[in-house]
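Q: the sequence isn't on hand, but the structure is:
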């Protein structure tokens, strides 16, 4: 028996993750349409939205709802009852910042064979349209809304030597752009792609500070992807890195003075303990020096004892 093949009572069953348009309803592959027609049932994150797509393409396959609140309780029965289930989310490729990932894990655990079709996803066209280098990039999904995890993710984006794409809601866009400008520096290049492939698609490009001002004055609507440029400098930067507080450079070896300046700056942003040490290491400081700097500068409001960077028991 092939050890990688599905096993169990549902091993002859199939779950297909089917990407659907992020905007224009014609942005769907022929294979996706064929799968939606031939499967036994289409499981959907929102059956009302998916019905519009199926009706547009003349597909009469039955629909059942499987969303983030019902996958754990309903999915096992749906997968057991039907030999071939196609799963669609509200838009894009299932499994990327949506319940598709949970459904795939559950199906694999039940021995169901899982396949994923290629197709639309919002962050890829946003990266291309940003005009920023995309030979290397990271996808961050949605940032945490607050707390230590958000600060740590912002610090990682600030120190990254490659372009970063992330999703954000319209109501939180202005706050996120302001936080990114504070973490990365106001002049970091970025782009905000909105309503991709839809009638009112727009892409705004500029510095984080300029974009923050633009959307503070005229709030955005619709689905949004933010793309942030890398920390490293361009070809004219002989030292091969972006400037950091106190003359430090990202992407190269940092001297102690530069490391001190960076540690103070990151601590002022609210990082401490392991978060601070991780941010320093990402900026190019060796592990031992990062540890010492995190101990020296990792105070919280000046009222707590210096934390042990190995201790991750702080508040969230």
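A: Received, thanks. If you're wondering where the values come from, they're calculated on a predicted model, not measured in any experiment.
Q: just give me the neighbour total for the closest residue to residue 63 other than its chain neighbours.
A: Setting aside the residues directly before and after it, residue 63 is nearest to residue 47 in space (Cβ to Cβ, 6 or more residues apart in numbering), at 4.6 Å. Backbone N, C-alpha and C define where each C-beta goes, glycine included. Neighbour count for residue 47, taken as other Cβ atoms under 10 Å: 17.
Q: so who does residue 47 touch?
A: Residues near residue 47 by Cβ atoms under 8 Å, 6 or more residues apart in numbering: 63, 64, 65.
Q: would you map out the domains in the protein?
A: What automatic domain parsing lists as the domains of the chain is 14-116, 123-228, 241-316.
Q: just give me how far the longest one sits from the chain centre.
A: Averaging C-alpha positions (Cα atoms, centre = their mean, to the nearest Å) puts domain 123-228 11 Å from its chain's average.
Q: next one: the first one
A: Between the centre of domain 14-116 and the centre of its chain there are 21 Å (Cα atoms, centre = their mean).
Q: give me the buried positions along stretch 65-82.
A: 66, 67, 71, 75, 76, 78, 79, 82 (16 or more other Cβ atoms under 10 Å).
Q: in the stretch 1-150 of the chain, where is pLDDT below threshold?
A: Of all residues in the stretch 1-150 of the chain, those with pLDDT under 70 make up the ranges 1-7.
Q: please enumerate the helices of it.
A: Counting by DSSP state H, counting those that start in this stretch, one finds helices in the stretch 1-150 of the chain at the ranges 30-38, 47-56, 71-81, 100-109, 123-130, 147-159.
Q: distance to residue 209 for these - can I get that in a markdown table?
A: Output for those, formatted as a markdown table (distance: least, Cβ to Cβ, whole Å):
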| stretch | distance to residue 209 |
| --- | --- |
| helix 30-38 | 41 |
| helix 47-56 | 36 |
| helix 71-81 | 41 |
| helix 100-109 | 35 |
| helix 123-130 | 17 |
| helix 147-159 | 14 |
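Q: for the ones you listed, which one sits closest to residue 165?
A: Of all those, helix 123-130 sits nearest to residue 165, with 4.3 Å by Cβ to Cβ.
Q: list the contacts of the closest one.
A: Residues outside helix 123-130 that contact it (Cβ under 8 Å, 6+ apart): 96, 134, 137, 139, 163, 165, 167, 190-191, 193, 196-197, 203, 205, 225, 227.
Q: which of these sit farthest apart?
A: 96 and 205 (23.7 Å).
Q: if I look at residue 20, how far off is residue 220?
A: As judged by Cβ to Cβ, to the nearest Å, residue 20 and residue 220 stand 23 Å apart.
Q: low-confidence regions, the stretch 201-316 of the chain specifically.
A: By pLDDT under 70, the weakly predicted segments of the stretch 201-316 of the chain are 232-259, 261, 269, 283-284, 298-316.
Q: all strands in it, in order from the N-terminus.
A: 202-207, 224-228 (DSSP state E, counting those that start in this stretch).
Q: okay, the angle between the first one and strand 224-228?
A: Our comparison of strand 202-207 with strand 224-228, counting by axes from the mean of the first three to the mean of the last three Cα atoms, to 10 degrees, yields an angle of 30 degrees.
Q: right, I'll call it a day here.
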